Structure formats: C-alpha cells, structure tokens
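S.K.: let's see this in three dimensions:
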Amino acid sequence: MDVELAEVRDFLAQHPPFDALPEEVLDRLPARCSLRYARRGSVVLHAGGRGDRLWVVRSGAVDITDEGRLVDRVGAGGCFGMSALVEHGPIRYDATAREDSLFITLPQADFDELARAHPEVAVFFAATHHGRIRTALGQLQQPRTGSAVFRTAVADLLRSAPVSTAPQVTIAEAARRMTEEGVSSILVMEQDRLVGILTDRDLRRRVVAAGTPTDRPVREVMTLDPVTIGSQALALEVMLEMTGRNIHHLPVVDAEGQVVGLVTTTDLVRLERSNPVYLVTDLAKARDVDAVVGLAERIPRIVEQLVSEDATAEDVGRVATALTDAVTVRVLELAEAELGPAPAPWAWVALGSAAREELTLRGDQDHAMVLADEADPEDPWWGAVAGRVTDALEACGLERCDGDVMATNPRWRKRVHDWQVQFARWAHEPQPDAVLWAAIFYDMRAVHGDAELVRRLREEVVARGARSDLLLAHLAGQAARMRPPIGFFRGFVLEDAGEHRDTLDIKRGISAIVQLARVHALRAGATALPTGARLAAARARGVLPVESAVDLADAHELMSYLRLQHQVAQVRDGRRPDNHLDPESLSSLDRRHLRDAFQIVRQAQHGLSTRLPQVT
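M.R.: Here you go, the predicted model:
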C-alpha cells in the first residue's frame, strides 16, 4: 500500500462508521476512494442534484444549508451527501466549502457493496439523529430482572474497612473494640495474614457459657482459619456459602488473597431492602430527625442499584424524587408535631428538578411555601418550620441553594393571591432577573399540605403565561442562549479553567432541553412538569412537531443516563458527584451519540427562535 493510500486508511480508521470495519476491509477501502479539493466558497453539492458518492471531509469544513439556512457544519472526519446515497434519490441540501477543503469520496457502487457486506454502515448513515440515539438507548439500557443477590458483586456490599485485632490481644479488649465499633465480629490478623475471626456467637459459646476468663488471649477462643470468599463473587454465592456452613460472617479477599472487607447476613438482608418501598416505609416510622438522616443515607445506594439494573434515567429520577419527598414529608410531620398545627391551610412546594421529578445524586434545595389567602405570612410558625426542614435536608446531604430560593427566605412564603400577582408581574414586565425567577417558579409541585392550593395556582399562572407573548419570547431567548457544549465543528466545548478543566459539563445540554420543554409546554397551556411529559403535551397539542418532540425526549434521556452513570461511578470511588464528564472516559460511540444529542438541541433551539418573536 503506497503512502497516500495508507494515509487515507489510517484517517478513515479513526472515524465512524469506518472505525468499526474489520482490518482487512479497511486495507482494501482506500483503493476505491478518490480525493477531491474545493476552494473556499465553492458549492460542492447542489440541492436537487444527483448524489453519486459519499463525501468525507479530510480537512477543512463544509456548510450544509437548506434554502440558505444553516443546517449543519461538517468538519474533519464528518460525512455529507449520505441521504441521497442511501435513498438513491436527489440531494436534499446545498453543501458549500467554508474554507479550502480536501475530501475523500467513495462512489455509489462501492458504497452499496460495502453496505451490503456490512449492514451497520448503511444503518449508520440511514439513521437520523433520533434513530441513532434510540439505538444507543436500547444498547445502554438492557433491563435486568430477578433478585439483587443474583446481580450484585460482593465488593459492592463492602461499606467500610474491616475491624481487626491481633491474636495476643485479650478477649476483654477484643470485645470492647467490637462494642466501640458497633460490629458483631472482629478479624484476627497476624502480620497482615488472616488467622481467625471472633464473633458474638464465639463470645457467647466459648467465653460466657464456658466460663473462660476474659483476660485470656483471643487466639484461644477465635474460629481458626475462617472460610473466605473472593471480592468478585456474587452476593448469591455468599448466601449459599453462609447457608451451607451455617455461618453469619464471611471475610472477603482480593485476587492476591489480601483481606479487603467482611460481609454479613445483615448485609444480604439490607441488599434486598434496597428496594425503595422498604425505605419509604421506614421513613414513615422514623421517630426523630436523626433517624430520618440515617435512613436518607440509603438513597445513593438505591440510585446506584437502579442504575446497575439499567433502569431509565426517567425512572431513576422519579424514584430519587419520591424518596426525597418521603424524607421531606417526614421531617415536616416531625416539625408539625413539635410546633403544633399550621395556623392556616398551606402547602410545601418543591421547585426545579425536584418539581420535575428529575433528581440525581447531585442537587441542592429549592423549595417554597404557598399559603391560603386567609393566612398571615408574618406568623412565626412558617419560618420556624422552614428552618427546621431546611436544616434537616442539609443534614441529609441536600445542600442549601446558593441563590436562597428556599422557604427560609420570607420572599418565597406567599399567599395564593400574592403568588398570582408575582407571576403576573413576571409575565408582563419580564426583566432578566424576572425571567430567571419565572423559569424557576413555573416548575412548582406540592409535596406536603393542601395540594389543591398549588393546583389552582399553577392552572391560573400557566394560562396567564401562555397568553403573554412577551414572556414567551423572553423564555425562548433564554432557552436559545443555553448552548449545548459542542462547537460548530462538532467537537466538545470543554471547561478551560478551574477544578473541572478539560471536562464536559453535560448539565448544559440537559438544561437546554429542560428550558425548551418548559417554553413549548407553556405555549401549549400544559401544566405538566416532567420534561418528557411537557414534550409529549406540546406534541399532542400541535405546538411541537412529532419528530422534534421525540428527538428531544430521547436526547434528554441519553444525556441524563450518561450523567447518572458518571455520578454513580464517582460515589463508588468516594468522590462527590458532579455534572462534569471526562470525554476521554467515553467510548467513541458514546461521544458520537452525545454529538447527535447536542445537534438535536441546536436544531430545536433554531426552530424555536423562528417560531417566536425575538426580544433584545
């Protein structure tokens, strides 16, 4: 293979879908290709013309336009002219060289032969952004069934380092250590080697019942050379081992035989109790805030379990929100029990992602109060409850809102009439700050109290907002300015400074869809809150084209799912979860799917800007 052909082969091998072809196919492909050059500003393809070849940008860039409107900009490694090639029909769009450009082209006949031999090539080019993302979701989310003990590795059960002691330590000292650490067994180690285990049962049978002096060394009463299990074994294997040997504690060792933890029958029971239903039941029985805080520590584990079972991001968000709601409700009930009943009908409302039922492992508090019109907003009861609940939620891991959008702020404790006046002001005199507040408070959901107050309020303010062209235009402008993290050349826009340098802020893409869905739902007069439900309502009422609604919903699910996987991995590593993905940690397919998702967002933003009047 000469130098030029080898260079073409190496280039194609770096870009989809050619990167998935067998080596021998890649070796033969360059001989069928030809190179073409276009000067800046020259038209490479004309809409309506005949497409007879696939075009791959080797260097430079091409603008794809539809009657003068920019549809896409293709950089190095990108392809164009695909639809005409796959459909054997006319070219749909104009393609103009944005700069001096070099192309690799593959004739129709050779493309057809390649597609017949490797159908994935045809599928790649035939699929729309939506089709590729739907396929990606199908590959990422393979629902798994059965008990958690069939799926969970022993390593995932380990919550802390094992408690250990030396064989010469006295029985009394070992028992005291077990009590201090709150454990039912202690490993006996000698020069980093496991030589025994002392359990509560050993203490009862071999010390108390046998009358053994507690100043004797542990080695005299411990269980020698205990059975161990590898960290990669399944929880099911642990269960079988414990049942078969009638033991309740099993040391866990790594591939080198080093002890890394201890698993107990309690861990297995807790594993099955990771079902969210158990936690909600336990929360309802919690006697004080400390008990609620302790139970809330199980929420990340449940989210982690759901992600490992490949639940959809939408389902995970609903479960995480339901659990957070249960925590909030119980804390509110405890506060009411302490302070007495509310002085008037009222409702505690969640805002933002909690209102949309889209919580993840990273979030802060956003909440407010809706009071009946006969209530006195100055009554100290409201502030007392808000303070107790906010403190408790913070103890449960939910950070306070940096913008002080919380019920502890008297500004966000209003009577129904006052909320109506506030929304009317935002709708008819929207300043930049007002648009921000409107976007936050249109996402409002009752969590506790009189939900009817909130239902009537939202129906009225949504109807008012749908009639305000000015507010819609401002919200649309805000949605259009929330740019997804992708450049015109379809490369990711990364953070360039700070602790998240060279990472991809996926929340920007997710937030853009959330804002688009909010505007379209408001245009449709729909009171739905979840992003998917808002897109569906806008589609059903003819405000948003079916294809656009489906594309945006799938893009939202894909980005949210990848974010959850990222956050779960961080929690497993003992790190604080965030929204910043390392592009290098993503597979080439995941990066391709994210680019498709971001492109869908950009097209939807452009479509919205053409439907609504612009404001300055």
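
S.K.: dump the residue contacts of Leu224.
M.R.: The contact partners of Leu224, taken as C-beta atoms under 8 Å, 6 or more residues apart in numbering, are 195-196. The way it works is simple: take the backbone N, C-alpha and C, and place the C-beta from them, glycine included.

S.K.: report the next helix or strand after the lowest-mean-pLDDT helix or strand in the chain in sequence order.
M.R.: Here the helix or strand of the chain ranked lowest by mean pLDDT, DSSP states H and E is helix 129-140, holding a mean of 60. For helix 129-140, the following helix or strand on the C-terminal side (DSSP states H and E) is strand 164-165.

S.K.: quick one: average pLDDT of that next one?
M.R.: The average pLDDT for strand 164-165 rounds to 94.

S.K.: which residues does it contact?
M.R.: 173-174, 177, 186-189, 198, 218, 259.

S.K.: mind running it again at 6 Å?
M.R.: With contact meaning C-beta atoms under 6 Å, 6 or more residues apart in numbering, strand 164-165 is reached by 174, 186-187, 189.

S.K.: adjacent strands (with direction) for that strand?
M.R.: Note on strand 164-165: by DSSP bridges, its sheet partners are strand 185-190 (parallel).

S.K.: buried ones in the partner strand?
M.R.: Across strand 185-190, burial judged by 16 or more other C-beta atoms under 10 Å covers 185-189.

S.K.: got it, and stretch 449-459?
M.R.: Under 16+ other C-beta under 10 Å, the buried positions of stretch 449-459 are 449-450, 453-454, 457-458.

S.K.: looking at those, which one is closest to Ala284?
M.R.: For those, the closest approach to Ala284 (C-beta to C-beta) belongs to Gly449, at 16.8 Å.

S.K.: for the closest one, give me phi and psi.
M.R.: phi 100, psi -150 (degrees, to the nearest 10).

S.K.: and Gly230, by the same measure?
M.R.: phi -70, psi 150.

S.K.: phi, psi for the spatially closest residue to it that is not a sequence neighbour please.
M.R.: Spatial nearest neighbour of Gly230, chain neighbours left out: Val253 (6.3 Å); criterion: C-beta to C-beta, 6 or more residues apart in numbering. Main-chain dihedrals, Val253, degrees, to the nearest 10: phi -120, psi 150.

S.K.: report the beta-bridge partners for Val253.
M.R.: Beta-bridge partners for Val253, by DSSP bridges, are Gly230, Val259.

S.K.: and it, what pLDDT?
M.R.: Reported pLDDT for Val253: 92.

S.K.: start the count at 454 instead of 1 going forward.
M.R.: All set: I'll call the first residue 454, so the last point we hit is now Val706.

S.K.: name the spans of the stretch 454-603 of the chain whose pLDDT lies under the cut-off.
M.R.: 454, 456, 524, 576, 579-603 (pLDDT under 70).

S.K.: just give the nearest non-adjacent residue to Ala845, would you?
M.R.: Val784 is the one closest to Ala845 (C-beta to C-beta, 6+ apart), at 4.3 Å.

S.K.: distance of the residue positioned nearest the centre of the chain relative to Tyr490?
M.R.: Centroid check for the chain by C-alpha atoms, centre = their mean gives Leu1017 as the closest residue, at 3.1 Å. Distance of Leu1017 to Tyr490, given as C-beta to C-beta, to the nearest Å: 46 Å.

S.K.: give me the contact list for stretch 1056-1065.
M.R.: With C-beta under 6 Å, 6+ apart as the criterion, stretch 1056-1065 contacts 925-926, 929, 933, 969, 1001, 1005.

S.K.: mind listing what's buried in it?
M.R.: 1056-1058, 1061, 1065.

S.K.: quick one: which of those is nearest to Met1012?
M.R.: Distances from Met1012 to these, taken by C-beta to C-beta, are shortest for Ala1057, at 13.4 Å.

S.K.: where does that closest one land in three-state SS?
M.R.: Secondary structure assignment for Ala1057 (DSSP: H, G, I helix; E, B strand; the rest coil): helix.

S.K.: now the helices for the stretch 504-653 of the chain?
M.R.: For the stretch 504-653 of the chain, applying DSSP state H, counting those that start in this stretch gives helices covering 535-540, 561-570, 572-579, 582-593, 624-634, 653-655.

S.K.: let's have the ones you listed in TSV, adding mean neighbour count and distance to Val915.
M.R.: Below are those laid out as TSV (neighbours: other C-beta atoms under 10 Å; distance: least, C-beta to C-beta, whole Å):
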stretch	mean neighbour count	distance to Val915
helix 535-540	19	40
helix 561-570	15	49
helix 572-579	16	40
helix 582-593	17	28
helix 624-634	16	55
helix 653-655	16	60
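
S.K.: of these, which is nearest Gln1052?
M.R.: Nearest to Gln1052 among these is helix 582-593; the distance by C-beta to C-beta comes to 5.8 Å.

S.K.: same list, the helices of the stretch 504-653 of the chain, but as CSV with distance to Thr717 please.
M.R.: Conversion of these to CSV gives the following (distance: least, C-beta to C-beta, whole Å):
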stretch, distance to Thr717
helix 535-540, 58
helix 561-570, 56
helix 572-579, 48
helix 582-593, 34
helix 624-634, 13
helix 653-655, 11
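
S.K.: among those helices, which comes closest to Arg771?
M.R.: With C-beta to C-beta as the yardstick, what comes closest out of the helices of the stretch 504-653 of the chain is helix 582-593 (17.0 Å).

S.K.: neighbours of Glu457, just the number please.
M.R.: 10 (other C-beta atoms under 10 Å).

S.K.: what residues are up against it?
M.R.: Neighbouring residues of Glu457 by C-beta under 6 Å, 6+ apart: there are none.

S.K.: run a quick neighbour tally on the closest residue to Gln467 other than its chain neighbours.
M.R.: Among residues not flanking Gln467 along the chain, Gly530 sits closest, at 6.9 Å (C-beta to C-beta, 6+ apart). Neighbour count for Gly530, taken as other C-beta under 10 Å: 19.
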